[in-house]
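> here are the coordinates; sequence isn't available:
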Ligand code: SAH
């Protein structure tokens, strides 16, 4: 299906570095990724296979463009070149959701028509900084996010009316206020310009609300496969306590809830933690609790409680690319749950953390997942560890 497709922006590697430029041979890229992750994890664990995507193109449900002022007053929209702060103009991308790209293109056009000033990173002056779109694959709901150095856009009512006329599929519009001279995209304050301020998606039969600032996996069909495998590997029989560390909006814990006695989640980001709490109620689950907390602090408390039954506990963790913290690993070893299911998007940090855990644990199963097809090096790893006797 992907035979002979090349990034329209380059004959060689894509200039932005987002994908590998040539999207001709998907199977080959899978083999390369599996080999690479096996190499990084050599001596620790051997992922048996890599689970590829049915649709390796146009899968990114979150699309982001940085806005830069052009020399002749035009609006340039692009993405940061991989590993740099250089903006590469992008009109069309082969791995991003097509509808989201169409919404972004028309939003950028409208920004120009409305004469909104584009933020200049060097001087710190100007208004609009970024445009993002998030789509929900199951419901079709679509969120438009404008990041501005203000909490107000002149003529914002007409702007909203115009963009909705062009794209009635937009279900919510959020203005994120970011005045800081920072490389972070989202600001810390939000104003809802239209709709409820979040979108809802479905994963593994559960409904999830996703706010603008909450983490959500960017490839939904692959995420469902990953979570199903993670829950299967955990071997839950309805009697265990599941800890969902680094839980985001609660996705893994909620998908495991009907096979567990109790689910306890911990998430540091306030918006994501509050989405998780709402998701528990919206899915009518009585056996799930989520706390806004550092996962290491949370685990330390659980490890210190005499009533925590390690033999009946399964620990899921899905940390950021930097991996788990030292405090987290120390507490995990002290708690010593029967199983640990580690989902990792960073093979290097996974290797480091496995080295710490493998004295007490052995690898039961491991698989790789291609969550980001046609990107050069990104690969997700799922490892199930069981405590040694
Ligand atoms: N399991 C979720 C989220 C994984 S991403 C999912 O699959 O959707 C990692 C999450 O860890 C993010 O939501 C991030 O906000 C959160 N996080 C980062 N550092 C943390 C910490 N020290 N303690 C708890 N959560 C943390």
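Received, thanks. Computed from a prediction, not measured in an experiment: that's the story for all the values here.
> Tell me how far the residue positioned nearest the centre of the chain lies from the ligand.
The residue at the geometric middle of the chain, judged as the C-alpha nearest the mean C-alpha position with Cα atoms, centre = their mean, is residue 217 (3.4 Å). Residue 217 sits 5 Å away from the ligand, going by Cβ to the nearest ligand atom, to the nearest Å. The C-beta positions use only the backbone N, C-alpha and C, and glycine is treated the same way.
> mind listing what that residue touches?
223, 226, 251, 371 (Cβ atoms under 8 Å, 6 or more residues apart in numbering).
> among the residues you listed, which two are most distant?
251 and 371 (13.3 Å; Cβ to Cβ).
> Report the contact partners of the closest residue to the ligand within the stretch 201-350 of the chain.
Per Cβ to the nearest ligand atom, residue 248 is where the stretch 201-350 of the chain lies closest to the ligand, at 2.8 Å. Listed by Cβ under 8 Å, 6+ apart, the contact set of residue 248 reads 214, 215, 216, 267, 269, 272, 276, 318.
> And for residue 169?
99, 103, 140, 142.
> How about residue 191?
Residues counted as contacts of residue 191 (Cβ under 8 Å, 6+ apart) are 151, 174, 175, 177.
> switch the cut-off to 7 Å
151, 175 (Cβ atoms under 7 Å, 6 or more residues apart in numbering).
> Quick check: residues of this structure near the ligand?
215-217, 246-248, 251-252, 266-269, 272, 294-295, 318-320 (Cβ under 6 Å from any ligand atom).
> Could you give me the buried positions within stretch 187-200?
187, 190, 191, 193, 194, 195, 197, 198, 199, 200 (16 or more other Cβ atoms under 10 Å).
> Can you give the strand pairings for the helix or strand bottoming out on mean pLDDT in the chain, parallel or anti for each?
In the chain, the helix or strand scored least confidently by mean pLDDT, DSSP states H and E is strand 87-89, which has a mean of 89. Using DSSP bridges, strand 87-89 pairs in its sheet with strand 75-80 (antiparallel).
> coming back round to it: what helix or strand is the residue of the stretch 201-350 of the chain closest to the ligand located in?
For residue 248, there is no host helix or strand (DSSP states H and E).
> Look at it and report its pLDDT.
At residue 248, the pLDDT value in this model is 98.
> what stretches of the stretch 51-200 of the chain score poorly on pLDDT?
For the stretch 51-200 of the chain, no stretch is flagged by pLDDT under 70.
> so what's the nearest residue to residue 130 once chain neighbours are set aside bridging to?
Spatial nearest neighbour of residue 130, excluding adjacent residues (Cβ to Cβ, 6 or more residues apart in numbering): residue 147 at 3.9 Å. Bridge pairing for residue 147 (DSSP bridges) gives the partners residue 130, residue 176.
> No more questions from me, cheers.
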